[in-house]
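Student: Just the structure for this:
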Amino acid sequence: MSVRDLLTPVVVAPMAGGPTTPSLVVNAARAGALGFLAAGYKSPEAVEAELRAVAGVPFGLNIFVPMPPPGDPAPLERYRRLLQSEADRYGVELPPLRLADDDHFAAKVELAIRYQAPLVSFTFGVPDAAVVRALREAGSAVLITVTSAAEAARAVAAAPDGLIAQGGTGGAHSATTHPATYRGTTTAAEVLAEVQTTGGVPVVAAGGVSSAADVRALLDAGAAAVQVGTYFLLADEAGTRPTHRAAIAGGDFTETVVTRAFTGQPARGLRNRFTDAYSAAAPIGYPAIHYLTAPIRAAAAARNDPGALHLWAGTGFASARPAPVAELIRDLLP
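Tutor: Numbers count the residues shown, from 1 in each chain. Below is the predicted model of the structure:
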């Protein structure tokens, strides 16, 4: 089966860290949309349990490509010292820097092969061509997320079945492999147009999609499908934290920013106290910064304090609303 046969006009994006649940994926499939499980941050055992939970419906699995450890840890050490006041504020201890972590990459690829995931997508880089080949030989279609024509050319060299063109207006992490210069100013339509010129494979458009008109425009522009995340953060089946839900829906937060403050990788979220205080100082350093700020974020969530929580959201976050995912999908279809 080709990747075009597997894709649906609307694809429910993988949202790591809690919002994506097996229930979200299963009910999206029952409503006629493909949903992706998010393997990021989870143990192989947790990923396997989710793969079992979605058995019987079409689905995708998203896997993080490991990033190389930073060549110079000094900027990360300085940032750790800067964050000590936040640790004191929330009564937590900052962990030692965790400079290398592959998020169980090999084990998650093996699970995708064993459970014959219909679609496997990658972000944060290009997997080795041997990984792509092994997945395709096992029957999975492979998508690689890119943010520019240059990244698309490198991705196509690994021979995937398609690409995901991620605009800078989308919520959460950018897949960019150039975090130092990334500003998140591109739209899904702009990146789609760039990426379509490289490689001749189907391209899924993603980023900042918040209406049926947005979906129709991207499909008319040649997208094989449109991947949507933020719009589903308030879905009944989503595992979005209560504090995050309240921030999206409450009206107190009115703009989004691209920041490295929480994780060391550019990500778009609601502007809050933490992004204002630390975005300018935050170094490049994913996943080391992610693990460094984790106790602060966990304590903020426990206190229902949105000021130090990563409130990932795309520019169209105002369109998100509470409803069953099936209803949201129906409203998004052109």
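
Student: residues of the strand or helix carrying Ile329 that come out buried?
Tutor: Counting by DSSP states H and E, the element that carries Ile329 is helix 325-332. Neighbour-count burial for helix 325-332 flags Val325, Ala326, Leu328, Ile329, Leu332 (criterion: 16 or more other Cβ atoms under 10 Å). Bear in mind the C-beta positions are built from the backbone N, C-alpha and C, glycine included.

Student: which residues sit in contact with the last one?
Tutor: Read that as Leu332. Contacts of Leu332 were listed using Cβ atoms under 8 Å, 6 or more residues apart in numbering, and they are Val10, Val209, Ser211, Ala212, Val215, Val228, Tyr231.

Student: ok, 10 Å please
Tutor: For Leu332, the contact set (Cβ atoms under 10 Å, 6 or more residues apart in numbering) comprises 9-10, 12, 33, 209-216, 226, 228, 231-232, 319.

Student: where does it land on pLDDT?
Tutor: pLDDT for Leu332: 96.

Student: got it, and the third one?
Tutor: Looking at Leu328, its pLDDT stands at 98.

Student: Look up which helix or strand Thr145 falls in, please.
Tutor: strand 141-146.

Student: any residues touching the strand or helix carrying Ala28, and which ones?
Tutor: Using DSSP H and E, Ala28 maps to helix 22-30. Helix 22-30 has contacts (Cβ under 10 Å, 6+ apart) with 8, 10-12, 14-15, 21, 33-38, 49-61, 232, 235-240, 324-326, 328-329.

Student: out of everything not next to it in sequence, what's closest to Asp238?
Tutor: You called it Asp, but residue 238 is Ala. Closest residue in space to Ala238, ignoring its immediate chain neighbours: Pro19 at 4.8 Å, by Cβ to Cβ, 6 or more residues apart in numbering.

Student: tell me the secondary structure for that neighbour?
Tutor: coil (DSSP: H, G, I helix; E, B strand; the rest coil).

Student: Start the count at 881 instead of 1 going forward.
Tutor: With 881 as the first residue, the last one maps to Pro899.

Student: circling back to that earlier point, could you export the helix holding Ile1209 as PDB, CA atoms only?
Tutor: Taking C-alpha atoms only, helix 1205-1212 is exported to PDB below (Å, rounded to 0.1, in the frame of the first residue of the first chain):
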ATOM      1  CA  VAL A1205     -12.100  14.300  18.400                       C
ATOM      2  CA  ALA A1206     -14.600  12.900  15.800                       C
ATOM      3  CA  GLU A1207     -16.500  16.200  16.000                       C
ATOM      4  CA  LEU A1208     -13.400  18.300  15.700                       C
ATOM      5  CA  ILE A1209     -12.300  16.200  12.600                       C
ATOM      6  CA  ARG A1210     -15.700  16.700  11.000                       C
ATOM      7  CA  ASP A1211     -15.400  20.500  11.500                       C
ATOM      8  CA  LEU A1212     -11.900  20.500  10.000                       C
END
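
Student: And it, how far out from the chain middle?
Tutor: 20 Å (Cα atoms, centre = their mean, to the nearest Å).

Student: so what's Ala1039 closest to, chain neighbours aside?
Tutor: Closest to Ala1039 by Cβ to Cβ, 6+ apart is Val1012, at 5.8 Å.

Student: my bad, Gly1187
Tutor: Arg1153 (3.8 Å).

Student: Quickly note the distance from that neighbour to Gly1196.
Tutor: For Arg1153, the distance to Gly1196 equals 23 Å [Cβ to Cβ, to the nearest Å].

Student: Between the two ends of stretch 1089-1107, how far is it?
Tutor: Stretch 1089-1107 has an end-to-end distance of 8 Å (criterion: Cα to Cα, to the nearest Å).

Student: And the longest helix seen in the chain, what's buried?
Tutor: Of all the segments of type helix in the chain, defined by DSSP state H, the longest one is helix 1168-1182. For helix 1168-1182, a neighbour-count test (16+ other Cβ under 10 Å) marks 1168-1177, 1179-1181 as buried.
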